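Enquirer: Fold the following.
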Amino acid sequence: MIRKERLKDILDHPEKHKHTYDELVECCMPENILDFKLIDAHPAVGYNGGSKCDVTEGPCSCGAWH
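Expert: Model prediction:
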């Protein structure tokens, strides 16, 4: 149930879900299990060379460290 509620919150309020790396991991670990669908549901915080940036600070999926 926690996962569904978190997913709904991410989709309904994307402005609240622009995180640092540590915050993203915490947000996407309901019940201490990393949920990649929750990571994918987060909005892009920017783009680097055409790749989506998923964090505002720390290691990023675009390949850079912000």
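
Enquirer: ok, now which ones touch the residue nearest to Ile39 when sequence neighbours are not counted?
Expert: Nearest-residue entry for Ile39: Cys28, 4.9 Å, with adjacent residues in sequence omitted and distances by CB to CB, 6 or more residues apart in numbering. Yep, even glycine has a C-beta here, placed from its N, CA and C like the rest. Under the criterion of CB atoms under 8 Å, 6 or more residues apart in numbering, the contact partners of Cys28 comprise 34-36, 38-39, 42.

Enquirer: quick one, strands of this structure?
Expert: When assigned using DSSP state E, the strands of the chain occupy the ranges 46-48, 51-53.

Enquirer: in its sheet, what does the last one sit against?
Expert: Looking at strand 51-53 with DSSP bridges, its partner strands are strand 46-48 (antiparallel).

Enquirer: May I see the strands of the chain organised as a markdown table, with distance to Asp22 added?
Expert: Converted to a markdown table, the strands of the chain look like this (distance: least, CB to CB, whole Å):
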| stretch | distance to Asp22 |
| --- | --- |
| strand 46-48 | 18 |
| strand 51-53 | 16 |
